[in-house]
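Chemist: Return a 3D structure for these sequence lines:
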Amino acid sequence: MLPTVADVLALDTVRRGKPRVVAGGDRLDTRVRWVHVGEVHDIAHLLRGGELVLTTGVALPDEPGSLADYIGELAEVGASGLVVELGRRFVRELPRAVVTAAEEHGLPLVTLARETPFVQITESVHARIIDSQLQELRASEQLHEVFTELSVEGASPGEVLNQVVRFSGRPALLENLAHQVLACDAAGGDTGTVLANWEARSRAVMPSGRTAYDAAAGWLVTMVGARGQDWGRLILLCDGPPGPRDIVLAERAATTLALGRLLERHQESLERQAHGTILTGILTHAYADPDEAAARARAVGVPLTGRRLVSAVIRLPSPAGPVPAGTVAAGAVPAGTALGEQARLGELAEAGAAACREAKLPALVGALDQSSVGVLLPLPPRTAAETALGVLAERLRAGFVTPFVLAAGSVVESIKDVRRSFLEAEQVAEVAVRRPDGRPFYRLPDLRLRGLLHLLRDDARLQTFAERELGALLAHDAQRHGDLTRILRVYLDSGRNKAVAAQKAHLSRPAFYDRLRRLERVLDIDLDDVESCLSLHVALLALETFRRESG
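Modeler: Just a heads-up that it's a prediction; the model follows:
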């Protein structure tokens, strides 16, 4: 960064001349682009602006009006200041006309009481200017390297903003054209304060040009987009006019964001990324204060405070998994075929967001993992959770043809309890996706015995029970490569109807009856005993839960 007039006055070579500021003391922060020594009074036409002029005054005119014109011409061309060495033309002080004109034009005016070799001043200042330019060149090269790497790696908007903050030390935000915040880095400050009343503040800042500084707001704003289609704005919150490096930084970051958007293929939109980041932050306690999460959600148009909240998980079955009854529309793409899993998940997230918009239910919607989408739904006043979930399920199924399961957690009253609601929704989704029955949505009471076993799957007592009931049978099948465990499952799933079970097992009745007798011998039980069959059925359901968890 170029030195200021104050920086020049602090140099040893200048201080030895006993400098004294006689006018323009409030303008000592003016940047000095170069130092120019000149004794002629018509020097202004030789300057380009930003020069600190050194003179002894020997060739300056005598008339006060001409002296005032000399100062005015320097100010008009943008000179950063005038330094006059006393002792040759002006012995103890400058003429009043010079001082008055400098004050009127806001031109820093400095006198040197001692003779000072101007060459030493120029050498010192120019060395500092060149060093500053070299530093800016190195910084520019570093900016180029960092943002090129971010572009190649397909960095997220949050990662790009982190680098902007690292280089500038200022809060940075990315918003869409609806003035909703897609990403925010408060530079260590309070995020809630940065995002307070964001949409109204942002709409009031509409500077002209693709990159411009709004002095009233203190915002450096640059448009983000490519191929003639802008889709957002990158904003740096400045505590003063930005320098050239800040402008270059903002424009380079905007280019990286635009390039990242162009390179997206079958991935969630920036809005979904922003929502997903907030959801992940809530679930992992990344926000130190729930108010920060609320502020971030409010900035993307989702009010969380003062509302009852219900969490939902939209789960895709595995490619080889079961298909929920009644959810496949005409023309649906089967799981694991034309569309990749990531593409399906991205489409599911977009469909979930669209369903919420159609139902006029503002919500945070974003991917939670590789197979599910999370929805945090603030319930409208006097609206039951079942009503909102039913409308969401109806709109979602109308717009998304691939099979899915919608599971919901309990209604909570504050953001700090959202994690518990989401954990419950995820548990419900894990169970429901294995045996879907076509319900619009699932909650914990709908899962009955399978839900209970899933919740108890890590309990050693349940594992011991299953091993005690089925251990001998599992060992028998493992040693003889048998299928008696499958036969038992078919028999129990058929309601102990032997004829139906034989048909499902693709065996003749005599062969199937023989397998059942072998089962009784291995387990040492009577399959006509209802309680024994109930115990075995529970053990099989528990075993299914264990195996799916370990798989």
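Chemist: so for the host helix or strand of Ala349, what's the average pLDDT?
Modeler: Secondary structure assignment for Ala349, by DSSP states H and E: helix 341-358. Across helix 341-358, pLDDT averages out at 86.
Chemist: And that helix, what's buried?
Modeler: Neighbour counts over helix 341-358 (16 or more other C-beta atoms under 10 Å) mark Arg344, Leu345, Gly346, Glu347, Leu348, Ala349, Glu350, Ala351, Gly352, Ala353, Ala355, Cys356 as buried. C-betas here are computed from N, CA, C, even on glycine.
Chemist: domain assignment for this structure?
Modeler: Using automatic domain parsing, the domain ranges for the chain come out as 5-126, 154-262, 275-448, 460-550.
Chemist: worst average pLDDT in these?
Modeler: Mean pLDDT is lowest for domain 275-448 among the domains of the chain, at a mean of 83.
Chemist: can you tell me the distance between the two ends of that one?
Modeler: Terminal residues of domain 275-448 are spaced 32 Å apart (C-alpha to C-alpha, to the nearest Å).
Chemist: All further residue positions should be reported with the first residue as 796.
Modeler: With the count now opening at 796, the last piece we talked about shows up as domain 1070-1243.
Chemist: burial measure for Leu972, as a count.
Modeler: 12 (other C-beta atoms under 10 Å).
Chemist: Quick check: it vs Leu1029, distance?
Modeler: 13 Å (C-beta to C-beta, to the nearest Å).
Chemist: which stretches of the stretch 846-995 of the chain form strands?
Modeler: 846-850, 876-880, 904-907, 967-971, 976-980 (DSSP state E, counting those that start in this stretch).
Chemist: How about the stretch 1246-1346 of the chain?
Modeler: With strands called from DSSP E, counting those that start in this stretch, the stretch 1246-1346 of the chain shows none.
Chemist: cool, and the stretch 1096-1245 of the chain?
Modeler: Along the stretch 1096-1245 of the chain, the stretches classed as strands by DSSP E, counting those that start in this stretch are 1104-1110, 1159-1162, 1167-1173, 1200-1207.
Chemist: Now do the top helix by length along the chain against strand 876-880, angle only.
Modeler: When the chain is parsed with DSSP state H, its longest helix is helix 913-948. Helix 913-948 and strand 876-880 are oriented at 160 degrees to each other (axes from the mean of the first three to the mean of the last three C-alpha atoms, to 10 degrees).
Chemist: buried residues in helix 913-948?
Modeler: 913, 916-917, 919-920, 923-924, 931, 938, 941-942, 945-946.
Chemist: Take the residues you listed and lay them out in JSON lines including distance to Arg828.
Modeler: Below are these laid out as JSON lines (distance: C-beta to C-beta, whole Å):
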{"residue": "Phe913", "distance to Arg828": "17"}
{"residue": "Ile916", "distance to Arg828": "15"}
{"residue": "Thr917", "distance to Arg828": "13"}
{"residue": "Ser919", "distance to Arg828": "15"}
{"residue": "Val920", "distance to Arg828": "10"}
{"residue": "Arg923", "distance to Arg828": "12"}
{"residue": "Ile924", "distance to Arg828": "7"}
{"residue": "Glu931", "distance to Arg828": "13"}
{"residue": "Leu938", "distance to Arg828": "22"}
{"residue": "Val941", "distance to Arg828": "28"}
{"residue": "Phe942", "distance to Arg828": "27"}
{"residue": "Leu945", "distance to Arg828": "32"}
{"residue": "Ser946", "distance to Arg828": "33"}
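Chemist: What is the nearest of the residues you listed to Leu797?
Modeler: Ile924 (6.2 Å; C-beta to C-beta).
Chemist: what's near enough to touch that closest one?
Modeler: Leu797, Pro798, Val827, Arg828, Trp829 (C-beta atoms under 8 Å, 6 or more residues apart in numbering).
Chemist: what does Gly1038 give?
Modeler: So Gly1038 contacts Met796 (C-beta under 8 Å, 6+ apart).
Chemist: Now name the helix or strand holding Tyr1008.
Modeler: Using DSSP H and E, Tyr1008 maps to strand 1006-1009.
Chemist: Run through the neighbouring helices and strands of that strand.
Modeler: On a contact count with 3 or more C-beta pairs under 8 Å, 6 or more residues apart in numbering; DSSP states H and E, strand 1006-1009 meets strand 1014-1021, helix 1039-1057.
Chemist: What pairs with it, parallel or antiparallel?
Modeler: Strand 1006-1009 sits in its sheet next to strand 1014-1021 (antiparallel), going by DSSP bridges.
Chemist: In the partner strand, which residues are buried?
Modeler: For strand 1014-1021, using 16+ other C-beta under 10 Å, the buried residues are Trp1014, Leu1015, Val1016, Thr1017, Met1018, Val1019, Gly1020.
Chemist: List the contacts of the closest residue to Tyr1308 other than its chain neighbours.
Modeler: Leaving aside its chain neighbours, Tyr1308 sits nearest to Lys1293 (6.8 Å; criterion: C-beta to C-beta, 6 or more residues apart in numbering). For Lys1293, the contacting residues are Tyr1286, Arg1304, Phe1307, Tyr1308, Leu1311, by C-beta under 8 Å, 6+ apart.
Chemist: which one among the residues you listed gets closest to Leu862?
Modeler: Relative to Leu862, and with distances defined as C-beta to C-beta, the nearest of these is Tyr1286, at 112.8 Å.
Chemist: Hmm, that closest one is touching Tyr1308, no?
Modeler: No. Contact between Tyr1286 and Tyr1308 fails when scored by C-beta atoms under 8 Å: they sit 10.6 Å apart.
Chemist: So between those two, which is more surrounded?
Modeler: Tyr1286 (25 against 13).
Chemist: Enumerate every residue touching the more buried one.
Modeler: Contacts of Tyr1286 (C-beta under 8 Å, 6+ apart): Lys1293, Ala1296, Leu1311, Leu1322.
Chemist: Distance to Glu834 for the residues you listed - can I get that in JSON lines?
Modeler: Converted to JSON lines, the contacts of Tyr1286 look like this (distance: C-beta to C-beta, whole Å):
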{"residue": "Lys1293", "distance to Glu834": "118"}
{"residue": "Ala1296", "distance to Glu834": "113"}
{"residue": "Leu1311", "distance to Glu834": "117"}
{"residue": "Leu1322", "distance to Glu834": "117"}
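Chemist: Weed out the non-buried ones from those residues.
Modeler: Ala1296, Leu1311, Leu1322.
Chemist: Now for the nearest residue to the first one once chain neighbours are set aside, how many residues are close by?
Modeler: This points to Ala1296. Computed as C-beta to C-beta, 6+ apart, the closest residue to Ala1296 that is not its neighbour in sequence is Ser1289, at 4.0 Å. Number of residues near Ser1289 (other C-beta under 10 Å) recorded here: 16.
Chemist: can you give me phi and psi for Ser1289?
Modeler: phi -90, psi 10 (degrees, to the nearest 10).
Chemist: Would you mind measuring from it to Arg909?
Modeler: 109 Å.
Chemist: do the same with Ala1193
Modeler: Ala1193 sits 87 Å away from Arg909, going by C-beta to C-beta.
Chemist: And Ala1090, by the same measure?
Modeler: Distance of Ala1090 to Arg909, computed by C-beta to C-beta: 58 Å.
Chemist: again with Arg1005
Modeler: Between Arg1005 and Arg909 the computed distance is 51 Å (C-beta to C-beta).
Chemist: do the same with Ala1048
Modeler: Taken as C-beta to C-beta, the span from Ala1048 to Arg909 is 49 Å.
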